[in-house]
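1. Here is a sequence together with a model predicted from it:
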Amino acid sequence: MVREPLTPEQREYGRRLGSTLREARGARALAEVAVAAGISPETLRKIETGRIATPSFAAVAAVTRALGLSLDEVATDLSHRGRERPTG
């Protein structure tokens with residue numbers, strides 16, 4: 001089975017998700033949060049940078065739990081970021 005290429009919207013959503021999680025992590029060490037979430041630091045790094053644009057629900061839920069966030073908070077933030085229009 002061949003995976004279809006991601007759409008620009010899916011890639012942008014991945015970038016927004018990564019940015020939201022990175023900002024929520026703040027000064028906490030990436031490795032600390034990754035271990036608490038039960039994922040590798042490299043996986044968390046890829047999610048935060050948008051290189052994994054469509055991470056599994058389980059991974060996102062684990063990271064949000066490790067950060068002390070609810071999935072609702074993350075979804076709300078993503079919704080707000082999606083409405084922002086880039087200036088330029």
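-> Sure thing, it's come through. Numbers count the residues shown, from 1 in each chain.

2. so after the longest helix seen in the chain, what's the next helix or strand?
-> Looking across the chain with DSSP state H, the single longest helix is helix 8-25. Next helix or strand after helix 8-25 toward the C-terminus (DSSP states H and E): helix 30-37.

3. Buried ones in that next one, by neighbour count?
-> 33-34, 37 (16 or more other CB atoms under 10 Å). C-beta coordinates here come from the backbone N, C-alpha and C atoms, glycine included.

4. In JSON lines, list the residues you listed along with distance to residue 71 and pLDDT.
-> Shown next, in JSON lines, are the buried residues of helix 30-37 (distance: CB to CB, whole Å; pLDDT from 0 to 100):
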{"residue": "33", "distance to residue 71": "16", "pLDDT": "98"}
{"residue": "34", "distance to residue 71": "18", "pLDDT": "98"}
{"residue": "37", "distance to residue 71": "13", "pLDDT": "98"}
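
5. quick one: residue 36 from residue 67, how far?
-> Residue 36 is 8 Å from residue 67, where distance means CB to CB, to the nearest Å.

6. Residue 45 too?
-> 15 Å.

7. now do residue 57
-> Taking CB to CB, one finds residue 57 at 16 Å from residue 67.

8. Pass me the low-pLDDT residue ranges in the chain, would you?
-> Within the chain, the stretches with pLDDT under 70 are 83-88.

9. what about 90?
-> Scanning the chain for pLDDT under 90 picks out 1-4, 6, 76-88.

10. coming back round to it: buried sites along the longest helix of the chain?
-> 13-22, 24-25.

11. Looking at those residues, which one is closest to residue 82?
-> Relative to residue 82, the closest of the buried residues of helix 8-25 is residue 16; by CB to CB it sits at 6.5 Å.

12. where does stretch 50-69 sit relative to the chain's centre, distance-wise?
-> Here stretch 50-69 is found 6 Å from its chain centre; the criterion is CA atoms, centre = their mean, to the nearest Å.

13. Give the buried residues for it.
-> Buried-residue list, stretch 50-69, by 16+ other CB under 10 Å: 50, 52-53, 55, 59-60, 62-64, 66-67.
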